[in-house]
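> predicted model, plus sequence, below.
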Amino acid sequence: MTTAATTMDKASAVSPAAVLLPLVLAQFVCSYAASSMNVAISAIATELSTTVSGVQAAITLFTLTMAALMIPGSKLSDILGRKFCLVLGLTVYAVGALVAAAAPNLGVLVIGYSLLQGIGTALLIPPVYILATVSTSDVASRAKAFGAISAAAGIGAAAGPLVGGAITTLATWRLSFVLQALLVVAIVWLSRQIHDRPRPETRPTFDLTGAVLSAAGLVFIVVGILLTGTYGWVTALQDFAIGGVVLIQTGGISPMWLFEALGALLLVAFFRHIGSTERAGGEPLLRPRVLQNKVANLGLLTQGLQWLVLLGLSFVVSVYLQTVRGYNAIETGLILTPATIGILVSSMLAERMARRRAQSAVILIGFVLTVIGLGLLLLFVDLTSNVLSFVPGLFAVGLGVGAMLTASVNVVQSSFGEEDQGEISGLSRSISNLGSSLGVAIAGSVIVSPIVTGNQGYALALGVLGFFALIGVAAAFFGPRRLREGDEVVPQPAPQQA
C-alpha cells in the first residue's frame with residue numbers, strides 16, 4: 001500500500017469532529033489574543049509604565065505581524081506540510097505567550113505578544129483553513145466547518161474582553177497569557193488526530209523577495225496610520241524625527257502620508273515581482289491568478305471590512321469605557337457581552353443560512369445589521385447613559401458580524417480548487433488581519449487623538465467605523481449571487497504553459 005493510500009486510510013478512520021476540534025480551538029485562541037488585550041489597556045499601561053497609545057501599538061503590531069506574514073506562512077504550509085506548520089505555529093505562539101506573561105516593560109511585551117505570537121499565528125492559521133477546506137466537498141458542508149471555525153474566531157474576539165477582563169480584575173493580565181500557553185499545549189495534543197497528505201516529492205520554492213516586499217508594504221501602511229495618533233492626519237502636530245534628525249517640522253505634511261506612499265510603492269513592486277517571476281517560470285509567493293477572481297476579491301474585501309469594524313469597535317468601546325467612563329476591566333468585558341451573544345447566535349445559524357440564502361445576501365444582511373448597531377450605539381450612548389444603552393447596538397453588531405464571517409470565508413475558499421488552497425487561505429487570513437490592524441489603528445487613532453475629548457472621540461470613531469461598514473453594504477450588494485447548497489466548487493483554471 002502506498003504512503004498516500006495509508007494516509008487516506010488513517011484520515012478516513014478519524015471522525016470529522018476530531019479533526020475539526022483542534023482547528024476550532026486554534027482559531028479561538030488566536031482571535032482571543034487580540035481582543036482580550038483591549039480591556040487590560042489601563043492595567044498594562046500602569047504596570048509597564050507606558051501609555052494607552054503604547055498598548056494600542058502593541059495590539060496593532062500583533063495583528064499587523066499576522067497580516068504581513070500570513071501569505072508567507074501559507075506558502076510554508078505547502079513546503080513543510082500543513083500539520084507540521086500547524087504544530088510549529090502553535091509552539092512559537094506558546095513561547096510568545098510565556099514571554100509576554102513575564103514582560104517587565106513594553107518592549108518585551110511587543111517581542112512576546114506582537115512578534116512571537118503574531119508569527120506563530122501566521123504559521124498555524126493557514127493550515128486551519130486549508131485542512132477544513134480539503135476535508136469538505138460542497139458549499140453546505142464547508143459552511144458547517146467554516147461556521148464552527150468562524151464562530152470560534154468571532155467568539156474569541158468578542159469573548160476576549162469578558163474573559164480577559166475577569167482575569168485582569170480578579171488576578172492579573174499576565175495570567176491570561178499563561179492560560180493561552182496551556183490551551184495551546186492541549187491543542188497540540190488534540191492535533192495528533194489530524195493526518196495530513198504526504199509532502200510532495202517536488203516541493204515549491206520560497207519566494208523570499210516577494211515575502212519581504214509584501215510584508216514591508218503592509219507594515220509601512222499600518223504604521224503610518226498609527227502615527228496619526230501622535231502627528232495628526234493632515235499636518236504634523238509636532239516635529240517628526242528619526243535618530244535625532246527632524247525630517248518633518250511641526251505644521252508640515254503629516255508623516256502618515258510619507259509612510260503610506262512608501263507602503264504603496266513596495267506593494268506595487270510586490271505585484272510586479274510576482275507577475276515577472278511567474279512569466280519567467282518561477283514560483284512567486286502568490287500566483288497572480290489568485291487575484292483575478294472577481295468572486296473571491298469581493299469576498300476578501302468584505303472579510304477585511306468585517307474585521308476592521310469588529311476589532312475597531314472592540315478597541316474603541318473598551319478605551320471609552322475605561323478612560324472616559326471609569327469602568328474596570330471586568331465591567332468593560334461584561335458590557336461588551338451582547339456582541340459575543342450576537343456572534344454566537346448568528347454563527348450557529350450559518351449552515352441553515354447557507355442552505356436558504358446566497359452567500360452575498362447573508363453578507364449584505366450582516367453589514368446592514370452592523371450599520372444599524374453602530375447607529376444605535378451613537379444614538380443611545382453618551383456620558384450620562386447607563387450600561388443598558390450599549391446592549392441593542394452591540395447585539396446588532398454581533399449578529400451582523402457573526403453572519404458575515406462564515407459567508408465571506410465560504411465565498412473566498414470555495415472559489416478555488418485544492419491546488420490553490422494554500423495561497424488563497426494565506427491571502428484570506430492576511431486580508432482579515434490587515435482589516436483588524438487597520439480597525440485598531442484608524443479608530444484607535446481617532447479616540448486617543450489629543451484634539452478630541454470625552455464623548456467626541458467615541459462618536460467620531462464610531463462614525464468612521466460606520467463609513468467602512470457602508471462600504472461593506474455596497475460591496476455585498478454587488479457581490480456574487482450564487483454559492484447555494486449543492487453548488488460544486490469550480491476551481492480557478494491554471495494558465496496554459498507556453
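Received the coordinates, thanks. Remember, predicted model here, so these are calculated numbers, not experimental data.
> just for this structure, where's the confidence low?
Per-residue confidence of the chain (counting by pLDDT under 70) places the weak regions at 1-16, 134-143, 196-203, 350-351, 353-355, 357, 417-419, 421-422, 448-454, 479-498.
> what's the spacing between the residue most central in space within it and residue 160?
If you average the C-alpha coordinates of the chain and look for the closest C-alpha using C-alpha atoms, centre = their mean, you land on residue 433, 3.0 Å from that point. When C-beta to C-beta, to the nearest Å is applied, the distance between residue 433 and residue 160 equals 15 Å. C-beta: built from backbone N, CA, C; applies to glycine.
> residue 38 now?
Using C-beta to C-beta, which is the criterion applied here, residue 38 is 7 Å from residue 160.
> ok, now residue 150?
In this structure, residue 150 lies at 16 Å from residue 160, with C-beta to C-beta as the measure.
> could you point out the longest helix in this structure?
Longest among the helix segments of the chain by residue count, using DSSP state H, is helix 139-170.
> residues touching the helix or strand just after it, excluding its own?
Scanning forward in sequence from helix 139-170, with DSSP states H and E defining helices and strands, the next element found is helix 173-190. Residues from elsewhere that reach helix 173-190, judged by C-beta atoms under 8 Å, 6 or more residues apart in numbering: 18, 21-22, 25-26, 29, 32-33, 36-37, 40, 43-44, 47, 87, 90-91, 93-94, 97-98, 100-103, 112-113, 163-164, 167-168, 329.
> now swap in stretch 292-302 and tell me
Applying C-beta under 8 Å, 6+ apart, the set of residues contacting stretch 292-302 from outside is 290-291, 359-360, 363, 367, 404, 408-409, 411-412, 415-416, 424, 427-428, 431, 472, 475-476, 478-480, 482-483, 492.
> just the ones of those residues in helices?
Among those, the members falling in helices (DSSP H) are 359-360, 363, 367, 404, 408-409, 411-412, 424, 427-428, 431, 472, 475-476.
> ok so, going back, so how far is the longest helix of the chain off the chain centroid?
Taking the mean C-alpha point of helix 139-170 and that of its whole chain, the gap between them comes to 12 Å (C-alpha atoms, centre = their mean, to the nearest Å).
> which residues of the stretch 1-150 of the chain fall in helices?
Secondary structure of the stretch 1-150 of the chain, counting by DSSP state H, counting those that start in this stretch: helices at 3-13, 16-35, 41-47, 52-80, 82-101, 106-109, 118-134, 139-170.
> and the one helix or strand residue 464 maps to, C-alpha only, in CSV?
Using DSSP H and E, residue 464 sits within helix 455-477. Written as CSV, here are the backbone C-alpha positions of helix 455-477 (Å, rounded to 0.1, in the frame of the first residue of the first chain):
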residue,chain,number,x,y,z
ASN,A,455,-17.7,61.7,24.0
GLN,A,456,-16.3,63.4,20.9
GLY,A,457,-13.6,60.8,20.2
TYR,A,458,-16.1,57.9,20.8
ALA,A,459,-18.7,59.4,18.5
LEU,A,460,-16.2,60.3,15.8
ALA,A,461,-14.5,56.8,15.9
LEU,A,462,-17.9,55.1,15.6
GLY,A,463,-18.7,57.4,12.6
VAL,A,464,-15.5,56.3,10.9
LEU,A,465,-16.4,52.6,11.5
GLY,A,466,-19.9,53.2,10.2
PHE,A,467,-18.4,54.6,7.0
PHE,A,468,-16.4,51.4,6.4
ALA,A,469,-19.5,49.3,7.2
LEU,A,470,-21.4,51.2,4.5
ILE,A,471,-18.6,50.3,2.0
GLY,A,472,-19.3,46.7,3.0
VAL,A,473,-23.0,47.2,2.3
ALA,A,474,-22.1,48.4,-1.2
ALA,A,475,-19.6,45.5,-1.8
ALA,A,476,-22.1,42.9,-0.7
PHE,A,477,-24.9,44.4,-2.8
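> mind listing what's buried along that helix?
Along helix 455-477, these residues count as buried under the neighbour rule (16 or more other C-beta atoms under 10 Å): 455, 457-462, 464-466, 468-470, 472-473, 475-476.
> how many other residues sit next to residue 279?
Neighbouring residues of residue 279 were enumerated by other C-beta atoms under 10 Å; the total is 11.
> residues contacting it?
Neighbouring residues of residue 279 by C-beta under 8 Å, 6+ apart: there are none.
> ditto for the one 4 residues further on
By C-beta under 8 Å, 6+ apart, the contact set of residue 283 is 204, 205, 207, 277.
> just say helix, strand or coil for the first one.
Residue 204 falls in the coil class when you classify it by DSSP: H, G, I helix; E, B strand; the rest coil.
> what count of nearby residues applies to it?
Should you count by other C-beta under 10 Å, residue 204 turns out to have 15 residues around it.
> what's the answer for the third one, then?
One way to gauge burial is a neighbour count; for residue 207, by other C-beta under 10 Å, it gives 22.
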